[in-house]
Each structure stands twice: as structure tokens, then as C-alpha cells.
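K.L.:
show me the folded form of this:
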Amino acid sequence: GSAGTGKTTFGLQFLEEGLSNGERGIYITLEESRERIYKSSKQKGWDFEAAVDAGNLAVLDLDPVDMANSLTSIRSELPRLVEDFGAERLALDSVSLLEMMYDDQATRRTEIYDFARALKSAGVTTLVTSEAAADTAYSSRFGIIEYLTDAVFVLQYIRPDDFQETRLAVEIQKIRDANHSRESKPYEITNEGISVYRDATIF
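P.N.:
Here you go, the predicted structure:
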């Protein structure tokens, strides 16, 4: 999704759902500080700081340049981190910043592919956010990550022809090996996270 469509909220909500079901989670942010994540979650009524203190959540705020420089070691350590921590869910916000560290397209593709493979080998359910391409909501900025994932959700702004208020819409672009709705559904970003109106239509 593009800026303001709720990607970070989606990632936080994904982890909160797991925490509320007794699952442990890891949140890797390349965009926000740990304090900002605690503040954002608290605004939604989710106490991530308490979850960290209780040992149920790990929040890692990494500088994207540092992460790119040490991606090989992070990639090799990630499966062990997931296993040692007992994480069942992991959120990475956002892969676009990581992709931007590589000028060469072939290197970028290889590094992101290897990173995605490391996450899959770790056996953790992972949600990765990505900026949308400048010219279309249906492709990530570099057009790589959607080919490496099992599911793609598109978050976008929809402006009606009659120029009434702009609305937010979510669409499932793919879920591997599963039938899914092809409809765009309206959603709102509320004080309790993202709320999708499954029985509504956009227009």
C-alpha cells in the first residue's frame, strides 16, 4: 500500500491477534523507533511494552543501512532467533526500505529472495509490508516481494467518480493454494486497528 493506508497498523494488529491467542511474536521495524511502536500500539489499546516485559514479544528497531550491511548475518541468525524465542508470528515493516539499499537490481532480487527463504525456513508466519509502486497500487515498489510470498493484500485509496470522499479499500491479490474473494472491500483505520466491512461494497 501507499503512505497512510495502514500498513504499520496492519502489522501491529497481526501481532496483537497472535498475542491475544497466547502466541509469541517478533516485530522488526526499519521505519520507527521502539518507543514509537509502543506509543502506536498503546493508542490502539494494545500494550506491546508489557508484552515485551513479559517475554511474549520482541521489538527490534533496526537502521535499514545497518541491516543491509549485515543482512547475511541477520539472515543466518533469524531462524535461530525465531526458534529460541518461540515466535509463531513475525512482522517486518517495511521491506521497501531494505530493497532501496541495493542499487543493482539483480543483487536486490537475490538478497530479498534469500531473506524471504530464511524466514520460510524459520517456520514463522510472517507479515511483510511494502510501499506500492508509484504508478499502481497492485505492485510493490520494486515488484519483487509479491512473487516470494504466499499471499498479497493490496491496501489503497479509492476516489469515486463523483469526487466524494476518498475511501480506503483492501483487496486480496493472491493466496497461494486457496480460493479467495476477488472483491475490493472498504475498511477504516480506527482506534482499535483496521476494520474491514466484509458485507459492504466500495460504491
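K.L.:
okay, and for this protein, where does confidence drop off?
P.N.:
162-163, 202-203 (pLDDT under 70).
K.L.:
which parts of the chain are strands?
P.N.:
Ranges of strands within the chain are 24-29, 57-61, 87-93, 125-128, 151-158, 167-175, 185-190, 193-196, based on DSSP state E.
K.L.:
next, format these as JSON lines and append distance to Ala137.
P.N.:
Bear in mind the C-beta positions are built from the backbone N, C-alpha and C, glycine included. Below are these laid out as JSON lines (distance: least, CB to CB, whole Å):
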{"stretch": "strand 24-29", "distance to Ala137": "23"}
{"stretch": "strand 57-61", "distance to Ala137": "27"}
{"stretch": "strand 87-93", "distance to Ala137": "18"}
{"stretch": "strand 125-128", "distance to Ala137": "17"}
{"stretch": "strand 151-158", "distance to Ala137": "4"}
{"stretch": "strand 167-175", "distance to Ala137": "9"}
{"stretch": "strand 185-190", "distance to Ala137": "14"}
{"stretch": "strand 193-196", "distance to Ala137": "16"}
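K.L.:
can I get those strands in JSON lines including distance to Lys39 and mean neighbour count?
P.N.:
Listed next are those as JSON lines, based on distance: least, CB to CB, whole Å; neighbours: other CB atoms under 10 Å:
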{"stretch": "strand 24-29", "distance to Lys39": "12", "mean neighbour count": "24"}
{"stretch": "strand 57-61", "distance to Lys39": "12", "mean neighbour count": "19"}
{"stretch": "strand 87-93", "distance to Lys39": "15", "mean neighbour count": "23"}
{"stretch": "strand 125-128", "distance to Lys39": "20", "mean neighbour count": "20"}
{"stretch": "strand 151-158", "distance to Lys39": "22", "mean neighbour count": "17"}
{"stretch": "strand 167-175", "distance to Lys39": "22", "mean neighbour count": "17"}
{"stretch": "strand 185-190", "distance to Lys39": "16", "mean neighbour count": "16"}
{"stretch": "strand 193-196", "distance to Lys39": "15", "mean neighbour count": "16"}
